[in-house]
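Trainee: Following is a predicted model, sequence given first.
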Amino acid sequence: MTPIRSALLTVAVLLSSAPALVAPASAAPAASVWTLSLAGGEKQCRLTLRPSVGGRAAPVAMPPGCHRAFPALSRVVSWSQAGDGLHFDDAHGDPLLAFDPDGKGFRATSPQGDALALTSADGRGRAALEAAAPAAVEVAQASAKPAAAAKKPAAGPKPAEVAGRYAVLRDKTRDTGCMVTLDDKSAGPGKSLKARLAPACRDQGIVIFDPVGWEVVGNRLVLTARKGHTTELETQEDGTWMNEVKKGKTLSLKRI
């Protein structure tokens, strides 16, 4: 065997025994980091918008302190794109905050009436959102169709229309003798609207709950207790607000 043929044979053997080259898998969309702030930058919170995986909702991650600084974030669990803007959604996928695009990022108005700004903190901007939530983009585009547009949730009442004094009832008709006042002004920037329970209340459950804040989310009235937990009441045909029975004893508010 000639030296050339011997060298060619050696190369062929080495190639046949070498492991097959596998094309690298395409990288999964990465999370993007954003800064939520009040207009003027009085308060800020760092949010991480994670990608949608397997068609599931795209999560929003944030430090616990964000809930205290921005009450509007207390029930936010995911995000979705809506046209050129985006929504922050609750556990049921219902929108809680609707952000519209502006020159630097996005802007929204909280249920408390505060102007919120959402700006990219990692420099990746809107391109990262489009890559992270492809399913949400398709849903947003489909929403332009009449059939999908009909499913858009109706806007709820404005806080100014809900503010006032209410009698607290049990089982729809039993007056507890308690009265709660829903103020139309917040305790400060980024805080929920103030709620005050009249001192004469003697219903132990209501006294323990002790509502100190409130907001309107869609067609729901969300009361915040002094210790931070919440209860939700839905508007009724007779103008009262009532909680869901499955969440505990029937409780309703009737305007005085």
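Mentor: It's in.
Trainee: measure the most centrally placed residue in the chain to L47 for me?
Mentor: Nearest to the mean C-alpha position of the chain, by CA atoms, centre = their mean, lies V76 at 2.7 Å. For V76, the distance to L47 (CB to CB, to the nearest Å) stands at 9 Å. Just so you know, the C-beta spots here come from the backbone N, C-alpha and C atoms, and that holds for glycine as well.
Trainee: Find residues that contact each of these two.
Mentor: With contacts defined as CB atoms under 8 Å, 6 or more residues apart in numbering, the residues adjacent to both V76 and L47 are V60, M62.
Trainee: returning to what we had before: out of everything not next to it in sequence, what's closest to the residue nearest to the centre of the chain?
Mentor: Nearest non-adjacent residue to V76, counting by CB to CB, 6 or more residues apart in numbering: F88, 4.5 Å away.
Trainee: Go ahead and confirm the one you found touches F99.
Mentor: Yes: with contacts counted by CB atoms under 8 Å, F88 reaches F99, the gap being 7.5 Å.
Trainee: Please point out which parts of the helix or strand that contains L253 sit buried.
Mentor: When elements are assigned from DSSP states H and E, L253 belongs to strand 251-255. Buried residues in strand 251-255, counting neighbours by 16 or more other CB atoms under 10 Å, are found at L251, S252, L253, K254.
Trainee: Looking at the residues you listed, which is nearest A160?
Mentor: For these, the closest approach to A160 (CB to CB) belongs to L253, at 16.5 Å.
Trainee: list the contacts for the closest one?
Mentor: Contacts of L253 (CB under 8 Å, 6+ apart): Y166, A167, V168, L169, V180, L221, L233, T240, W241, M242.
Trainee: one step back: what distance separates the strand holding L253 from the centre of its chain?
Mentor: Between the centre of strand 251-255 and the centre of its chain there are 27 Å (CA atoms, centre = their mean, to the nearest Å).
Trainee: and that strand, C-alpha only, in CSV?
Mentor: Extracted C-alpha coordinates of strand 251-255, given in CSV (Å, rounded to 0.1, in the frame of the first residue of the first chain):
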residue,chain,number,x,y,z
LEU,A,251,-71.5,40.0,52.9
SER,A,252,-72.8,42.9,51.0
LEU,A,253,-72.6,46.7,51.0
LYS,A,254,-75.7,48.9,50.5
ARG,A,255,-75.3,52.6,49.7
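Trainee: Pull up the pairing partners for the lengthiest strand in the chain, direction included.
Mentor: The single longest strand within the chain, with elements called by DSSP state E, is strand 174-186. Sheet partners assigned to strand 174-186 using DSSP bridges are listed as strand 164-170 (antiparallel), strand 193-197 (antiparallel).
Trainee: Please convert those to TSV, extending it with mean neighbour count and distance to V53.
Mentor: Below are the strands paired with strand 174-186 laid out as TSV (neighbours: other CB atoms under 10 Å; distance: least, CB to CB, whole Å):
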stretch	mean neighbour count	distance to V53
strand 164-170	17	43
strand 193-197	19	36
